[in-house]
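Student: let's see this in three dimensions:
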Amino acid sequence: MINRSKLGSALQAVLSQAKVDGRLTCGLPPTVAHLERASEDVLLCVLPLTRPGDAATHIQTVLLQAFCYENYIPVIQVDSSEKLGEYCGLGSRIECPCAIITKDEERKRDPLLSPTEQELTDFYECTLEEFPRPIVELPR
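Tutor: This next block holds a predicted model:
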């Protein structure tokens, strides 16, 4: 059983560790470039909710989600692009439209995930059929 109330903290920890390890890519152009180059190395995609009325960002998000689904990349939606930007190291109040976490060199050979990464992957798989998709609230 997945404790949904702790998923935001779990995701924050995974993002922080990926940043330290150099496995975090933030922003649309770098994310798309990495996906074109090596989508099989992507462990997880994180997308914030789009604001109502922001059609361009919404279209980009839908296309990115579709690409991830087609390539079996788990997508976790979060409540805030500003919090995501903060966790990615972009600074406070700077929006981040998306982020991906890649596998480390060891994991490219050995597919085991950390317990926290596994928890997030399990959450994704358990909620695939939910509509609307669940949103993970990132802590401040």
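Student: give me the sheet partners of the longest strand seen in the chain and which way each runs.
Tutor: Looking across the chain with DSSP state E, the single longest strand is strand 42-48. Neighbouring strands of strand 42-48 in its sheet, by DSSP bridges, are strand 75-78 (parallel), strand 99-102 (antiparallel).
Student: closest one to Phe123 among these?
Tutor: strand 75-78 (7.4 Å; C-beta to C-beta). (Glycine included, C-beta is placed from N, CA and C.)
Student: which outside residues touch the closest one?
Tutor: 8, 11, 44-49, 65, 68-69, 84, 120, 123-124, 133-138 (C-beta atoms under 8 Å, 6 or more residues apart in numbering).
Student: what's the mean pLDDT across the longest strand of the chain?
Tutor: Computed over strand 42-48, the mean pLDDT rounds to 96.
Student: most tightly packed of the strands paired with strand 42-48?
Tutor: strand 99-102 (a mean of 25; mean count of other C-beta atoms under 10 Å).
Student: for Asn3, find the nearest of the strands paired with strand 42-48.
Tutor: Short answer: strand 75-78, nearest of the strands paired with strand 42-48 by C-beta to C-beta, at 15.1 Å.
Student: helix or strand right after that closest one?
Tutor: helix 81-87 (DSSP states H and E).
Student: just the CA trace of that next one, in CSV.
Tutor: Provided in CSV are the C-alpha atoms of helix 81-87 (Å, rounded to 0.1, in the frame of the first residue of the first chain):
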residue,chain,number,x,y,z
SER,A,81,6.0,24.5,-11.4
GLU,A,82,7.6,27.0,-9.0
LYS,A,83,8.3,24.3,-6.4
LEU,A,84,9.7,22.0,-9.1
GLY,A,85,11.9,24.9,-10.3
GLU,A,86,13.2,25.4,-6.7
TYR,A,87,14.0,21.6,-6.3
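Student: figure out how far that helix is from the centre of its chain.
Tutor: 11 Å (C-alpha atoms, centre = their mean, to the nearest Å).
Student: next, the buried residues of that helix.
Tutor: By neighbour count with 16 or more other C-beta atoms under 10 Å, helix 81-87 contains the buried residues 81-87.
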